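>>> Dropping a prediction and its sequence here:
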Amino acid sequence: MKRKTRSVNFYEIKVETIAVENIKIEPTQSNFIDVLAPIANFFRKRVTYGKGASAVELVDFEFSNDKLFLLINKVNRDLPDIGFYKISNRTRRSPEKDSDEHREQSAHVLIEPKNNTNLARLKITSGASIGAEKIKQILSDIYHQNQENKKF
């Protein structure tokens with residue numbers, strides 16, 4: 001049996017605070033884990049982020065031990081529904097990797113905040129053309145949509 005392999009790309013992302021106009025001293029940067037933990041409460045499965053050819057769907061996620069795991073599908077306009085990837089039975093990408101995948105339509109993502117810094121290590125499997133900028137955009141979108149919520 002031929003094993004399927006996937007490359008993993010490593011990136012670093014950071015949280016940047018915005019200085020208030022009248023403050024002369026730059027504020028202390030937030031710790032990444034202090035921002036990631038509340039954002040993790042607002043993730044929802046089967047939600048599409050972005051528009052057009054760059055749209056992606058959040059299929060699955062888990063936040064544990066201060067790490068965030070994501071499974072993201074590319075929205076493929078050539079297929080009849082978001083995330084369909086198997087020719088054999090036309091099912092959606094599931095968290096388990098099956099042996100009959102025919103196209104790279106998904107990316108596994110791991111976000112690991114570094115201790116007491118505004119930085120996090122970002123690991124993304126390659127093949128689906130989903131990169132660090134898309135993950136930053138998803139986190140930013142979730143934050144901005146929910147920043148008025150008391151959980152922040």
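Nice, thanks for sending it over.

>>> following the helix or strand where residue 13 lies, which helix or strand shows up next?
Secondary structure from DSSP states H and E places residue 13 in strand 8-14. Sequence order places helix 32-40 as the next helix or strand after strand 8-14, per DSSP H and E.

>>> if we can go back for a sec, mind listing residues that contact the strand holding residue 13?
29, 32, 111, 117-126, 131-132, 135-136 (Cβ atoms under 8 Å, 6 or more residues apart in numbering). The way it works is simple: take the backbone N, C-alpha and C, and place the C-beta from them, glycine included.

>>> got the buried residues for that strand?
Residues of strand 8-14 classed as buried: residue 13 (neighbour count, 16 or more other Cβ atoms under 10 Å).

>>> Given it, what are its sheet partners and their directions?
Strand pairing for strand 8-14, determined by DSSP bridges: strand 119-125 (antiparallel).

>>> which stretches of this structure form strands?
Secondary structure of the chain, counting by DSSP state E: strands at 8-14, 47-49, 56-64, 67-74, 106-113, 119-125.

>>> Tell me which of the ones you listed lies nearest to residue 40.
Nearest to residue 40 among these is strand 56-64; the distance by Cβ to Cβ comes to 3.7 Å.

>>> average model confidence for that closest one?
The pLDDT scores in strand 56-64 average 90.

>>> okay, the angle between that strand and helix 32-40?
120 degrees (axes from the mean of the first three to the mean of the last three Cα atoms, to 10 degrees).

>>> pLDDT at residue 13, what is it?
Residue 13 is given a pLDDT of 86.
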